[in-house]
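>>> take a look and give me a structure for this.
(chains A and B)
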Amino acid sequence: MSELVSVSPVEERAPFSVEKNLAYYFKTARRNLFNSPVDSVLTIILLVALAVCLPKAVDWLYFSAVFIGENRNACHPDAACWIPIINFVDYYIYGPYPIDERWRVDSAFALGVLAFPMLMSKKVPQKLLMAYVLLLPAVIWFLIKGGVGFTDISTTALGGVTLTYFLGIIAMCLSLPVAILLALGRKSRLPIIRWVCILYIELVRAVPVLTFLFMASLMLQLFLPGGVTVDVLFRILFVLIFVSAAYKAEIIRGAIQAVPVGQVEASYAMGCGYWKTMAYVVMPQALRNSVPALITNFIGLFKETTLVMILGLLELMGVVRATFENVEWVGMHTEGMLVVSFFFFIICFSIAQYGALLERRIKSTKH
Amino acid sequence: MWRLIHHRKIKDLGLQLLMLLALGTLLVYLTSNAIYNMGAAGITSGFDFLFDKSGYDISYSLIDYDPKTASHMDAWIVGVINTLAFAILAIVLTTIMSLMLAVMRLSSNWLVAKLSLFVVEYIRNVPILVHIFIWYSMSLLLPSVKAAFSLFDVIFLSNRGLMFPTIEWNSSVIETLAMVSIVLVLGGLIARIKQPKRYRLMGILALVAVMVVIAELSSVKGIVFVLPELKGFNFVGGMTLPPEFFTLLIAVSTYSAAHGSEVVRGSIMSVAKGQSEAALAMGAKPAVVMHKIVIPQALRSIVPPMTSVYINVLKAAALGSVIGFMDIMGTMGGSSLNITGQAIECMLIVMVTYTLLNLCLAFGMGHINRKVQFQER
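So this is what the prediction gives:
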């Protein structure tokens, strides 16, 4: 016996929606702002504080502030004075870089920015990406510092954002290979190599970077044969690379440990040696997984480049402070420091958001 | 022969010997250069300079330090004590502020959560040196001593620093012993009362307060609070935290708290939601759920990353040298080095001291970590 069952097709459900009338907004506000008496009091206090402070701050920053003028007489005593910032903005970006060669700095900036969409995109072939990342420091070095056809720029002509960028990118890219070797050394089965790596990593991580920077500027001369001098910029770069490598080595070690042991065993079983296994099996997975942590590390390194100011190199913070040591603008540090903090906030916050995006993507492709 | 070279053990040994040889050669080369250069510059080596007179002043010191008689060793001790005092205060402040920022960030109040988000993201993404300079320029705007901000005429804030009262201990040994034994006996009794821990703790604190008041009011004047008082052009009595010290303290602890709050928030969010839901369903109040269910589980994943935040706080003391607060890096690695010229010895001492301090901190945090981990049996 068979029965014909006729089923009417399921009607498509209307998408869930709430009528957004005044009552809806009122309800949302009540749930999020006035949920309990304590909440209400907090909200009211904060709203009042914002209502008092915000107009004053905006007024100080923008409406009463003076933007155009020649000297400090044009400034208003109770408002921000942006005149030195606006007058010196070229100097803040390029430092004392020769004006005719500034296009080189611009193209170096562009190349660095281009790396972000490339790392994100899935269409760019892996090999091209690898080549780009490997060549980036070399190209930026030649563009900013000179070499292979570009005229050489003296190290004292590097300053401002240019120097911050130069130090950040070069130290980041060159410390990676050192970090990989240190991480592999720390996981090595050879005891002497392992202990040397552990000692190096732990010692460097225990001491402030400032100490190593001072050592580079004061002591390195002692260890070199008489008469040989190394430019202070290269000494600092050397320190940034080797200190940062110790921190990165720990990140990469964590990522190596996260690669399943079966992968390594399978590779050995196929007859691959140590270096082949590391290069083709372990490292591609480990590096891919350590990208978010490495981006966080890069943000830290980028912020740490401000320390070179203490040794007299004029990176962004140094040039901004230098303008306020000028008799004309002395005592107006606040505006300068605000601009520096805003610059770092924009750059570091965007990179951090980008890193979070990459992390979500890596997680979603894992399964 | 070829097979012997490719034997695994021999290969391993050869590789390691090669590395040792390379490192040794480098070390010998650098040392010989250093010996030659130091000889040429007329610098003596060795650690005898530690007992020579230092001859420079240190702006802030918790122990007596007289530049006329003190040695470099004393300067080093002052540096270590300054670093420790700074690190302890900064770590306490960092912990409190990270917790506050994390709780604010997770608040159901939209305004509070967004405010915390903005503060944390802005502070986190700006270099620590910028923070130090901003707070330092703000400390320069503080009023002079005569117009100092005061809190009940007990704590003062001016451009000379933060002044607060100190406690002076005038009692003799017997009186002290008597007081301590009374507190111990009564405290022991209170500790045995069958009441919640909170009440017992409050009882003991009240007992100590009563004893202090008795000592203060009695004719002997056992304990005296020394209040800072304005005399002439400066405050006399009490204790002073100079502007450099608390500027660095505020800058470093807000910066680390922004990092720490992300650690705390991540850990609280990683506690399975079912845990707090189950507790709420059993009728526990939200505060109890947070205190008894969520925080103990979150602590397990908070402690290890918080250790590295604390280590960064310790290392940040070195940055005080840019605004004139001298820690080990400022005394031994700065002024002593410049005066004696013995860079290698000074830097060696600085590095060893930092490493030891770090090891102590890491050891202590490791102990705490074992305490909060899940006890399987």
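>>> CA only for contacts and neighbour counts going forward, please
Will do.
>>> from the chain's centre, how far out does the helix or strand hosting residue B:24 sit?
Applying DSSP states H and E as the criterion places residue B:24 in helix B:8-41. In terms of CA atoms, centre = their mean, to the nearest Å, the centre of helix B:8-41 is found 38 Å from the chain centre.
>>> tell me which residues of that helix are tucked away?
For helix B:8-41, a neighbour-count test (16 or more other CA atoms under 10 Å in any protein chain shown) marks B:12, B:16, B:30, B:32-38 as buried.
>>> can you tell me which of those residues are up against chain A?
Near chain A, judged by CA under 8 Å from any CA of the partner chain, the entries from the buried residues of helix B:8-41 are B:12, B:16, B:30, B:33-34, B:37-38.
>>> ok, so of the residues you listed, who is nearest residue A:199?
Nearest to residue A:199 among these is residue B:16, at 15.6 Å by CA to CA.
>>> check which helices and strands the helix holding residue B:24 sits against.
On a contact count with 3 or more CA pairs under 8 Å, 6 or more residues apart in numbering or on different chains; DSSP states H and E, helix B:8-41 meets helix A:191-206, helix A:220-223.
>>> residues near residue A:42, how many?
17 (other CA atoms under 10 Å in any protein chain shown).
>>> give me the residue at the spatial middle of the chain.
If you meant another chain, say so; for now it's chain A. residue A:299 (2.8 Å; CA atoms, centre = their mean).
>>> oops, wrong one, chain B.
Residue closest to the mean C-alpha point of chain B, counted by CA atoms, centre = their mean, is residue B:87 at 1.5 Å.
>>> measure that residue to chain A for me?
Distance of residue B:87 to chain A, given as CA to the nearest CA, to the nearest Å: 14 Å.
>>> can you report how many residues neighbour the nearest residue to that residue once chain neighbours are set aside?
Distances taken as CA to CA, 6 or more residues apart in numbering or on different chains put residue B:314 closest to residue B:87, at 5.2 Å, once the chain neighbours are dropped. Other residues near residue B:314 come to 25 when the count uses other CA under 10 Å.
>>> list the contacts for residue 78?
Assuming you mean chain A. The contact partners of residue A:78, by CA atoms under 8 Å, 6 or more residues apart in numbering or on different chains, come to residue A:60.
>>> chain B is the one I meant
Counting by CA under 8 Å, 6+ apart, residue B:78 has contacts B:61-63, B:65, B:327-328.
>>> switch the cut-off to 7 Å
Residue B:78 makes contact with B:61, B:63, according to CA atoms under 7 Å, 6 or more residues apart in numbering or on different chains.
>>> how far away is it from residue B:339?
From residue B:78 across to residue B:339, the span is 17 Å (CA to CA, to the nearest Å).
>>> ok but residue B:69 is inside a helix, no?
No - per DSSP: H, G, I helix; E, B strand; the rest coil, residue B:69 lies outside any helix segment and is coil.
>>> just checking, it touches residue B:52?
No - assessed by CA atoms under 7 Å, residue B:69 is found out of contact with residue B:52, at 9.4 Å.
>>> ok, residue A:206 to residue A:115 distance?
From residue A:206 to residue A:115 the distance is 32 Å (CA to CA).
>>> likewise residue A:364?
Distance from residue A:364 to residue A:115, by CA to CA: 22 Å.
>>> re earlier: local confidence estimate at the residue nearest to residue B:87?
According to the prediction, residue B:314 has pLDDT 91.
>>> report the separation between residue A:102 and chain B.
27 Å.
>>> give me the three-state assignment for that residue.
Residue A:102 - assigned by three-state DSSP - is helix.
>>> ok, now residue B:156?
Residue B:156 - assigned by three-state DSSP - is strand.
>>> so which strand or helix has the closest residue to it other than its chain neighbours?
Spatial nearest neighbour of residue B:156, excluding adjacent residues (CA to CA, 6+ apart): residue B:150 at 4.4 Å. Per DSSP H and E, residue B:150 falls inside strand B:149-151.
>>> then residue B:142?
Going by DSSP H and E, residue B:142 is not in any helix or strand.
>>> so who does it touch?
Taking CA under 7 Å, 6+ apart as the criterion, residue B:142 is in contact with B:158-159.
>>> could you list the buried residues of the one helix or strand residue B:198 maps to?
For residue B:198, the element it lies in under DSSP H and E is helix B:197-217. Across helix B:197-217, burial judged by 16+ other CA under 10 Å covers B:200, B:203-204, B:207-208, B:211-212, B:215.
>>> give me the number of residues near residue A:357?
Using other CA under 10 Å: residue A:357 sits among 13 other residues.
>>> ok, it to residue A:248 distance?
For residue A:357 relative to residue A:248 (CA to CA), the value is 21 Å.
>>> same thing with residue A:301?
For residue A:301, the distance to residue A:248 - CA to CA - is 11 Å.
>>> neighbour count winner among these two?
residue A:248 (27 against 21).
>>> the more buried one and residue A:296: what is the separation?
Distance from residue A:248 to residue A:296, by CA to CA: 10 Å.
>>> and residue B:141, by the same measure?
When residue B:141 is compared with residue A:296 (using CA to CA), they lie 35 Å apart.
>>> can you check the pLDDT for the closest residue to residue A:184 other than its chain neighbours?
Leaving aside its sequence neighbours, residue A:184 sits nearest to residue A:253 (CA to CA, 6+ apart; 7.4 Å). You'll see residue A:253 listed with a pLDDT of 91.
>>> I'd say residue A:253 and residue A:185 touch.
No - the criterion here is CA under 7 Å, and residue A:253 misses it with residue A:185 at 9.6 Å.
>>> hang on, the earlier thing: how far off centre is the helix holding residue B:198?
28 Å.
>>> now the angle between helix A:191-206 and the helix holding residue B:24, please.
50 degrees (axes from the mean of the first three to the mean of the last three CA atoms, to 10 degrees).
>>> and after helix B:8-41, which helix or strand comes next?
helix B:72-105.
>>> avg pLDDT for the helix or strand just after that next one?
Using DSSP H and E, the helix or strand that directly follows helix B:72-105 along the chain is helix B:110-124. The average pLDDT within helix B:110-124 is 91.
>>> residues contacting helix B:110-124, please?
Here helix B:110-124 makes contact (CA under 7 Å, 6+ apart) with A:32-33, A:43, A:345, B:101, B:104-107, B:255, B:258-259.
>>> mind redoing it with 10 Å?
A:29, A:31-34, A:39, A:42-44, A:46-47, A:300, A:341-342, A:344-346, A:348-349, A:352, B:98, B:100-107, B:131, B:251, B:254-262 (CA atoms under 10 Å, 6 or more residues apart in numbering or on different chains).
>>> which positions in the stretch 1-150 of chain A make contact with chain B?
A:29-36, A:39-40, A:42-44, A:46-47 (CA under 10 Å from any CA of the partner chain).
>>> quick one, what contacts residue A:272?
Listed by CA under 10 Å, 6+ apart, the contact partners of residue A:272 are A:264-266, A:278, A:280-281.
>>> and the strands in the stretch 251-367 of chain A?
Ranges of strands in the stretch 251-367 of chain A, per DSSP state E, counting those that start in this stretch: none exist.
>>> cool, the stretch 151-300 of chain B as well?
Using DSSP E, counting those that start in this stretch, strands in the stretch 151-300 of chain B cover B:155-158, B:161-164, B:166-169, B:223-226, B:229-231, B:234-236, B:239-241.
>>> show the contacting residues for the residue of the stretch 201-350 of chain B found nearest chain A.
Closest to chain A within the stretch 201-350 of chain B is residue B:315: 5.1 Å, counting by CA to the nearest CA. The neighbourhood of residue B:315, defined by CA under 10 Å, 6+ apart, consists of A:205-211, B:83, B:87, B:309, B:329, B:354, B:357-358.
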